[in-house]
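# Could you look at this predicted model? Sequence included:
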Amino acid sequence: MAATPQNPAAATSRRKVSRHRGEGQWAAGHFTPLNGNEQFKKDDDGLNVRTRIETIYSKRGFDSIDPNDLRGRMRWWGLYTQRKPGIDGGKTAILEPEELDDKYFMLRVRIDGGRLTTEQLRVIGEISQEFARGTADLTDRQNVQYHWIRIEDVPEIWNRLEAVGLSTTEACGDTPRTILGSPVAGIAEDEIIDGSPAVEEIHRRFIGSKEFSNLPRKFKTAISGSPLLDVAHEINDVAFVGVEHPEHGPGFDLWVGGGLSTNPKIGVRLGAWVPLDEVPDVWAGVIGIFRDYGYRRLRTRARLKFLVADWGPEKFRQILQDEYLGRTLADGPAPAAPVERWRDHVGVHRQQDGRYYVGFAPRVGRVDGATLTKIAELAEAHGSGRVRTTVEQKMIVLDVEEGQVESLVEALEALDLTARPSPFRRGTMACTGIEYCKLAIVETKQRGSTLIDELERRIPEFDEPITININGCPNACARIQVADIGLKGQLVLNDQGEQVEGFQVHLGGALGLEAGFGRKVRGLKVTSEELPDYVERVLKRFQDEREDGERFAVWATRASEEALS
């Protein structure tokens with residue numbers, strides 16, 4: 001429609017289009033900050049805040065912290081303010097940040113590849129007991145998270161962590177976050193290739209470097225040579241998945257653009273095979289594309305998955321090769337589907353060297369500093385100096401002699417850390433929830449623990465692999481969309497018409513065998529109190545209706561809405 005004096009709306013619309021500044025891509029010349037986050041990053045690199053923490057904030061206290069440091073740059077060093085106690089979920093999206101902030105912090109310890117020595121684990125446990133009121137949750141990204149951290153104690157905590165080779169560098173923020181790696185890299189009998197040298201080299205070259213310390217948003221990496229596909233590669237920004245090339249031998253299949261939250265996307269294969277020694281350079285190329293071409297105008301579109309969706313894998317690979325690598329990548333095969341349903345390494349397993357590793361399941365990732373210290377002591381008493389964390393909120397003790405295995409299993413059981421868990425203990429994960437998280441709407445950790453107990457009591461005969469992921473808000477930190485039963489926290493109405501904590505239900509999501517997102521049954525929401533009844537009901541219907549060998553996720557995609565209600 002032509003613009004005329006009688007049609008001012010058309011002229012206004014055209015003027016708006018002409019002023020549009022694109023998606024905020026640096027490679028397109030869009031360097032002007034387009035939101036508050038981009039402005040504070042332009043004003044000062046997030047890595048620089050460490051000096052202010054050490055020299056000013058830790059000495060003058062919480063009230064001295066600049067707001068752009070407090071709710072922005074301090075994340076570059078693993079620090080988030082935690083939720084003030086007593087604020088209910090209905091106020092999460094209403095209150096201003098300063099009203100939600102407590103004067104304590106969550107502090108995330110970065111554990112690339114989940115690799116820890118028993119000495120490091122003991123130090124993590126000691127810091128928990130001395131500075132974090134005993135808190136030390138295992139996350140689904142192989143980290144440990146403390147709560148109740150005072151700014152005055154942060155420099156001393158850093159000193160103790162760094163003395164044993166650990167850090168909180170870029171554990172949060174618009175940075176390359178912790179690199180996921182197979183927790184049994186280099187020791188599993190069925191391993192295709194050991195990816196740990198690549199994890200170590202990426203960390204050495206790039207973590208803490210200002211080359212990639214200002215990204216559009218967070219950047220998540222996964223590297224594993226396990227045929228179990230044990231690092232949730234499908235939902236990371238970049239993933240290197242172990243494969244056997246028919247001509248070149250073992251290497252990695254390259255995936256990009258995965259992610260969950262409110263716009264979930266499964267990563268896509270670029271069809272490229274990468275040898276082990278080239279993984280760091282290819283990783284730098286992919287994150288370089290994100291830095292330079294990533295969308296910085298809107299935070300809601302500032303993840304790599306949106307760029308990959310717009311470009312497609314062919315264009316992404318071409319730009320990676322032409323502009324960042326200067327060479328063509330070899331074509332390669334896709335990874336084979338895993339033969340096992342569980343990917344968490346729980347149980348007793350033989351290593352390449354004839355010794356054994358023992359994987360065990362805490363309750364929904366909730367442990368404490370005293371328990372972590374005891375795990376270190378138990379591992380050493382049974383001949384091990386190495387432990388691992390997993391992407392399923394589990395832990396593993398490595399290098400156990402055959403004659404020591406049963407003794408270790410029994411000692412772990414005494415700590416309520418079972419290596420022979422029920423499907424419910426093994427398959428239930430939960431995010432931090434409203435107890436500490438400022439984004440959360442409902443409680444999660446205790447709800448998950450109670451649900452485990454109830455299901456073990458009500459259907460003890462259930463022996464199928466099942467994943468139940470509980471999230472306190474829509475952001476999917478606990479991967480609700482790819483669980484058999486995913487529970488997204490929200491406020492719902494109970495039978496009396498009262499607003500209470502509850503969940504929207506996602507059913508039939510999966511990773512590995514047939515990766516995909518769960519379905520939502522129209523209008524299906526359950527209160528927290530009703531949750532055990534609902535899960536029991538739907539699992540019993542699965543038992544009654546399933547075909548031979550059918551997985552829950554497959555049944556849930558074909559079941560009637562009535563059966564899932």
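Alright, I've got the coordinates.
# On the three-state scheme, the residue nearest to the spatial centre of the chain is what?
Residue closest to the mean C-alpha point of the chain, counted by C-alpha atoms, centre = their mean, is R141 at 4.1 Å. Three-state assignment for R141 (DSSP: H, G, I helix; E, B strand; the rest coil): coil.
# Now for it: which residues touch it?
Applying C-beta atoms under 8 Å, 6 or more residues apart in numbering to R141 gives the contacts R177, T178, L180, K220, V391. For glycine as for every other residue, the C-beta is placed from the backbone atoms N, C-alpha and C.
# Among those, which are located in strands?
R177, T178, L180, K220 (DSSP state E).
# what's the farthest-apart pair in the residues you listed?
With C-beta to C-beta as the measure, no two of the ones in strands among the contacts of R141 lie farther apart than R177 and L180, at 9.1 Å.
# intersection of neighbour lists for those two?
R141, K220, T221.
# measure the first one to E170 for me?
By that I understand R141. To E170, R141 is 13 Å away according to C-beta to C-beta, to the nearest Å.
# Please enumerate the shared neighbours of the two.
With C-beta under 8 Å, 6+ apart as the test, R141 and E170 both reach R177.
# which stretches of this structure have low pLDDT?
1-21, 513 (pLDDT under 70).
# in the helix or strand containing I452, what counts as buried?
In the assignment (DSSP states H and E), I452 maps to helix 445-458. For helix 445-458, burial by neighbour count (16 or more other C-beta atoms under 10 Å) applies to K445, R447, G448, S449, L451, I452, E454, L455.
# Which residue ranges of the stretch 151-300 of the chain form helices?
For the stretch 151-300 of the chain, applying DSSP state H, counting those that start in this stretch gives helices covering 154-163, 196-206, 279-293.
# re the thing from before, now for the helix holding I452, which elements pack on it?
The contact analysis (3 or more C-beta pairs under 8 Å, 6 or more residues apart in numbering; DSSP states H and E) places helix 445-458 against helix 423-427, strand 428-430, strand 468-471, helix 531-545.
# R177 and L180: who's more crowded?
Higher neighbour count among R177 and L180: L180, with 28 against 24, using other C-beta atoms under 10 Å.
# my read: the more buried one touches V391, true?
Yes - using C-beta atoms under 8 Å, L180 is in contact with V391, at 5.8 Å.
# what touches both of the two?
In contact with both L180 and V391: G114, R141, Q142, V231, A232, using C-beta under 8 Å, 6+ apart.
# Scan the residues you listed and report the most crowded one.
Most surrounded of these: other C-beta under 10 Å gives V231, at 31 neighbours.
# mind listing what that one touches?
Counting by C-beta under 8 Å, 6+ apart, V231 touches L180, G181, S182, A222, I223, S224, A239, V391.
# change it to 10 Å
113-114, 141-142, 179-183, 185, 195, 221-224, 239-241, 343, 390-391, 511 (C-beta atoms under 10 Å, 6 or more residues apart in numbering).
# same question, R122
L116, V164, G369, L372, T373, K374, I375, A376, E377, A379, E380.
# rerun at 6 Å
Contacts of R122 were listed using C-beta atoms under 6 Å, 6 or more residues apart in numbering, and they are T373, A376.
# Just want the phi and psi numbers for it.
phi -60, psi -40 (degrees, to the nearest 10).
# Any idea how many residues pack against the closest residue to V526 other than its chain neighbours?
Closest residue in space to V526, ignoring its immediate chain neighbours: Y534 at 4.6 Å, by C-beta to C-beta, 6 or more residues apart in numbering. Per other C-beta under 10 Å, the neighbour tally for Y534 reads 19.
# now swap in the one 5 residues further on and tell me
When counting by other C-beta under 10 Å, one arrives at 22 neighbours for L539.
# likewise the one 3 residues further on?
By other C-beta under 10 Å, 22 other residues sit near F542.
# Wait, it touches W555, no?
Yes - in this structure, F542 is within contact of W555 by C-beta atoms under 6 Å, at 5.4 Å.
# returning to what we had before: need the winner for burial among the helices of the stretch 151-300 of the chain.
helix 279-293 (a mean of 21; mean count of other C-beta atoms under 10 Å).
# so how far is that helix from its chain's centroid?
Mean C-alpha position of helix 279-293 versus that of the full chain (C-alpha atoms, centre = their mean, to the nearest Å) differs by 20 Å.
# which other residues reach that helix?
So helix 279-293 is in contact with 25-27, 198, 201-202, 212, 215, 219, 238, 240, 274, 304, 307, 320, 324-325, going by C-beta under 6 Å, 6+ apart.
# quick one on the thing from earlier: what sits up against the helix holding I452?
Contacts of helix 445-458 (C-beta under 6 Å, 6+ apart): 363-364, 366, 422, 424-425, 428, 430, 433, 470, 528, 532, 536.
# and what of stretch 210-220?
With C-beta under 6 Å, 6+ apart as the test, stretch 210-220 has contacts from 41, 45, 47, 174-177, 206, 236-237, 287, 290-291, 294, 296, 302-303.
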